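Trainee: Here you go, sequence then predicted model.
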Amino acid sequence: MNSFYQIQNKSLSLILAATSLLAGIVGISSSASAAQLESAPVSAVNNQIIAKTSVCPRYAGGGRLEAYFETSNFYIHICSKNGNLFYTGISKSTGKGIRALRAYSEEGTGYVATNNNYEYVVNGAGLEILKNGRVIQTDRVIKYVSGY
């Protein structure tokens, strides 16, 4: 009888073989693409979390989730509704923050939202908060989930 780990290792082997084949077709080194794969345990909880990430929470204005970021100080949702992007940043310490602020995506920069003299710039690496063009706070992103 096969154990869970034997089955998981066979599945990983099949994935690596398929990756090598596809890499050869598109001209990528199979060793480079195989090295980038990591095995992660699959659970019902992880699948439920992933399934819920396609919709923005009501407090963030609803709509389709474009991206979710978490820093040590904030939860940030980028939502798409009626063809527009919205930024919602909630403080972890107070629960208060910016709700449904118009945003846009800037290639090479990330998502940008402005509110009077403040500008919020977030990407997979970090969040910068600027006031009158000067950086007043920088937070490293500790979790990033791309929406669907």
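Mentor: Sure thing, it's come through. Just so you know, these numbers come straight off a predicted model, no measurement behind them. Residues are numbered from 1 along each chain as shown.
Trainee: ok, now which ones touch the closest residue to Gly63 other than its chain neighbours?
Mentor: Leaving aside its chain neighbours, Gly63 sits nearest to Lys81 (3.1 Å; criterion: C-beta to C-beta, 6 or more residues apart in numbering). Every C-beta, even on glycine, is put in place using the N, C-alpha and C of the backbone. Counting by C-beta atoms under 8 Å, 6 or more residues apart in numbering, Lys81 makes contact with 56, 61-64.
Trainee: Show me what Lys81 is bridged to.
Mentor: Asn84 (DSSP bridges).
Trainee: quick one: pLDDT of it?
Mentor: If you check Lys81, the pLDDT there is 92.
Trainee: Ile98 too?
Mentor: The predicted local confidence for Ile98 is 84.
Trainee: give me the number of residues near it?
Mentor: Number of residues near Ile98 (other C-beta atoms under 10 Å) recorded here: 18.
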